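In: Here's my sequence, what's the structure:
(chains A and B)
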Amino acid sequence: MLGYVLRRLAVAVVLLWVLSVITFVIYLKVPADPAGFLVDMQKASPQQIAHAHHVLGTDRPAVVQYGKYMWRLLHGDFGVSWPTVVFFSGKVEGAPVGHMVWQALLVTASLTGGGFLLLLLVAVPLGTFVATRPRSLVDRLSLGFSIAAISTHPLVVGLLLQLFVGNRWKLLPASGYCTVRSPSAAAVAAWRQFAPTGSPEPCGGVGQWAWHLVLPWVTFALFFVALYLRIVRARMLEVLEEPWVRTARAKGASETRVIARHALRNAIAPVATMAAMDLGTAIGVAMYVETVFGLPGLGRTMIRALAGLQGYDLPVILAVTLVAAAAIILLNLAADLVVLALDPTVARRRGRGVLGLAGRAA
Amino acid sequence: MPELDLEALAEPRPQGQWALAWRRLRRDRVAVACGIFLVLLVLAVGPGAPLYGKIVGHGPNDLFPYAVSVSLRPAGPLTVTWATPTLAGDDPFALKHPPPPHGTPKTFLLLGADSQLGRDEFLRILYGGRVSLEVAAGAAVLALLLGIVLGSLAGYFGGLVDAVVSRITDLVMAFPLLLFLVMIGSLFTHGIGDWTFHGILNRGVFQLVLIIGAFTWFYPARIVRTQVQSLRHREFVEAAQMVGARDGRIMRTHLLPHLLPPLLAYGTLLVATNIMIEVGVTFLGAGIRLPTASWGSLLAQTWGSILNPNPYNPATTQPWLTICPSVAIFLTVFALNQFGEGLREATDPRRLR
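Out: Predicted coordinates:
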């Protein structure tokens, strides 16, 4: 078991390294001068531009830049965001990218985690229900809904929800994000005193957080719910034909117990595998949702780093790429472990070591 | 009693797989309806767009400031407006634009104006559909070509080619495709993006075709690889090898006919996915650049942009401008998905009739 996890982690490290090299090479091929972050390129003298390059570290050969970046990364330092760099008295300061990306990761995790929970809450009960009544009206309606939902772009769903539910009918907040933690009294006071008119009041707390995330969650879940509904239904139909389900019924177990205790557990095992395979797509969909609803998540951070007027914020781009990839790899590993725990036959095939974990989890 | 032609009954004419697939497809009413819709769509965005432009007498990038109210709200559907790019008068406090000089011709906007610039929304949807379909179809063809070549090499020869293709596939399938597309799309704003092949393609189309194709060939390659692996030890391949056919010939004339039907169906689904990708990448500011219309930029235009979001200020936006491109995208993707599904079932070799 431990060996398996360690091997997967070793592969993950290699993948992340390859990815960092690819991102770095792509960046070096880009015709844009990062010195524009610090000096006005139209007016600056060559010395000033050279000094700006020196401050950012972009005057060194590419290999040295990459080496220094990786060295700092190994010490947990993602560097500073280039547009925020100030250099007075020879000391270089700026917004640390690590903190930025961590905050963004929390937002993306709130969005994808909540959205995924919502979709499971819809797909598993509904899929189970229609599987027990195949070809009924509900089944056909859910099939029609699935076909339509698969063909709908998440941007379209998000924009229409924002336009009608958020802006026209004002039922839910149309955009913005609130932190889970309540804002400090000092932040609110500062907002009252100094914030320009029209800027949103600092908000926070679990209720506000969830309230602002309702539309993003619905948008996110709607894109995936069709697929999961179909897979739960198909798998459930298969499982209900199994001989051990017949045995359970023959022993006199109630239909609810047969489905909830015996069938459901087997039916939702592929959902975990599927969820892991959809993670890449999920980050993409999260990118759409974050953009539309103005959530400061990973995708939006990336786009802002890419869409800047002065140039491209390489430290942020690199950090987002690596963090997103690392999250996907780790969650894939977690999903594999969940599958092992849910389906002991897989574990038995893997060998004795795995059985320990599967037995504990069961 | 009509006389039976016993000769013809005894020897039924053998049917090719394409004839069989065509017969099955014709029976599938949903697929036929979607196919007809797609043909009409291609006609509408291909020859239809310039034709409509000629009828109403303007192009997709012509500005009609008279189609925008003083409060900067674009006109709704079925608007007749003056066809002039300049406003008469310069009174900033006017409640209504003063009319243009006498004799200015009028023009008709079927779906109204697209934004504060006052362009023809309907014409832009047609031209935008052309761009989106160009990108989607081009990228799908590129992905299929790469997939067929690399997949059949990997499946037929195995070994190093197989290992490399499989590893790259594993690597890319796990990673967020959109993140890469947006990154590459926004980093490279000049260069290949400017290639238009003497005006055949719009600016930016070729670059999107290349990057989407380069990141989606893994899936068709995977299909081809498994198919070729299961076919390459079958009798007909061994027979061909025995009479001395070279590998290239075997792959071309003996294996390819088996691969085409499933790939055709997959290609249709791929076009649908690619339309979604184009819309997304352009919306996120990394695809087709303005003023060229595409379905992604039409969606983005009313909403704003990421650095300057203007989410639906009711005073200055029309809900039409979000609904119309949304409906266009939905219908097209839906039709492609359903047609692809019908095609897949029609070409399924396991079906008997």
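
In: host element of the residue in chain A that chain B sits nearest to?
Out: Residue nearest to chain B within chain A (Cβ to the nearest Cβ): residue A:284, separated by 3.4 Å. For glycine as for every other residue, the C-beta is placed from the backbone atoms N, C-alpha and C. Using DSSP states H and E, residue A:284 falls within helix A:279-293.

In: residues making contact with the helix or strand just after that helix?
Out: Using DSSP H and E, the helix or strand that follows helix A:279-293 towards the C-terminus is helix A:298-307. The contact list for helix A:298-307, computed with Cβ atoms under 8 Å, 6 or more residues apart in numbering or on different chains, reads A:81, A:100-101, A:104-105, A:107-108, A:283-284, A:286-288, A:290-291, A:294, A:312-313, A:316-317, A:320-321, A:323-324, B:178-179, B:182-183, B:186-187, B:284-286, B:305-307.

In: ok now helix A:298-307, how far from the chain's centre?
Out: Put simply, helix A:298-307 sits 14 Å off its chain's centre (Cα atoms, centre = their mean, to the nearest Å).

In: okay, the angle between it and helix A:279-293?
Out: When axes from the mean of the first three to the mean of the last three Cα atoms, to 10 degrees is applied, the directions of helix A:298-307 and helix A:279-293 differ by 70 degrees.

In: Going through the contacts of helix A:298-307, which ones are buried?
Out: The neighbour-count test (16 or more other Cβ atoms under 10 Å in any protein chain shown) applied to those identifies A:81, A:100-101, A:104-105, A:107-108, A:283-284, A:286-288, A:290-291, A:294, A:312-313, A:316-317, A:320-321, A:323-324, B:178-179, B:182-183, B:186-187, B:284-286, B:305-306 as buried.

In: what ranges do the strands span in chain A?
Out: All strands of chain A, identified by DSSP state E, fall at A:86-88, A:91-93.

In: picking that back up, against which helices or strands is the helix holding residue A:284 packed?
Out: On a contact count with 3 or more Cβ pairs under 8 Å, 6 or more residues apart in numbering or on different chains; DSSP states H and E, helix A:279-293 meets helix A:97-132, helix A:154-161, helix A:206-240, helix A:298-307, helix A:314-342, helix B:159-174, helix B:177-187, helix B:256-283.

In: Now do the shortest one: distance to the chain's middle.
Out: If I follow you right, that is helix A:154-161. Relative to the centre of its chain, helix A:154-161 is centred 18 Å away, using Cα atoms, centre = their mean.

In: next one: the last one
Out: For helix B:256-283, the separation from the chain centroid amounts to 8 Å (computed by Cα atoms, centre = their mean).

In: could you check whether that helix is close to chain A?
Out: Yes: residues of helix B:256-283 contacting chain A under Cβ under 8 Å from any Cβ of the partner chain: B:272, B:276, B:279, B:280, B:283.

In: Reformat those as CSV; add distance to residue A:183, neighbour count and pLDDT.
Out: Formatted as CSV, the residues of helix B:256-283 next to chain A follow (distance: Cβ to Cβ, whole Å; neighbours: other Cβ atoms under 10 Å in any protein chain shown; pLDDT from 0 to 100):
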residue, distance to residue A:183, neighbour count, pLDDT
B:272, 44, 21, 93
B:276, 38, 24, 93
B:279, 36, 31, 92
B:280, 33, 24, 91
B:283, 31, 27, 89
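
In: The residue in chain B that chain A sits nearest to: what's it in contact with?
Out: Per Cβ to the nearest Cβ, the residue of chain B with the smallest distance to chain A is residue B:178, at 3.4 Å. Residues in contact with residue B:178 (Cβ under 8 Å, 6+ apart) are A:283, A:284, A:287, A:299, B:277, B:280, B:281, B:284.

In: cool, and residue B:122?
Out: The neighbourhood of residue B:122, defined by Cβ under 8 Å, 6+ apart, consists of B:52, B:109, B:110, B:111, B:324.

In: Next, count neighbours for the closest residue to the second one other than its chain neighbours.
Out: I take that to be residue B:109. Distances taken as Cβ to Cβ, 6 or more residues apart in numbering or on different chains place residue B:79 nearest to residue B:109, at 4.6 Å, with adjacent residues excluded. A count of neighbours around residue B:79, defined by other Cβ atoms under 10 Å in any protein chain shown, yields 20.

In: go on, residue B:121?
Out: Using other Cβ under 10 Å, residue B:121 is surrounded by 32 other residues.

In: So for residue B:348, which of the helices and strands packed on helix A:279-293 sits nearest?
Out: For the helices and strands packed on helix A:279-293, proximity to residue B:348 was assessed by Cβ to Cβ; helix B:256-283 is nearest, at 8.2 Å.

In: In that closest one, which residues are buried?
Out: Going by neighbour count (16+ other Cβ under 10 Å), the buried part of helix B:256-283 is B:258-259, B:261-283.

In: Tell me the helix or strand right after that helix.
Out: helix B:295-303.

In: Specify the angle between that next one and helix B:256-283 in degrees.
Out: 20 degrees.

In: so what does helix B:295-303 touch, helix or strand wise?
Out: Against helix B:295-303 (3+ Cβ pairs under 8 Å, 6+ apart) you get helix A:154-161, helix B:121-157, helix B:256-283, helix B:320-346.

In: Quick one: distance of it to the chain centre.
Out: With Cα atoms, centre = their mean as the basis, helix B:295-303 stands 16 Å off its chain's centre.

In: OK, contacts around residue B:265?
Out: B:340, B:341, B:343, B:344, B:347.
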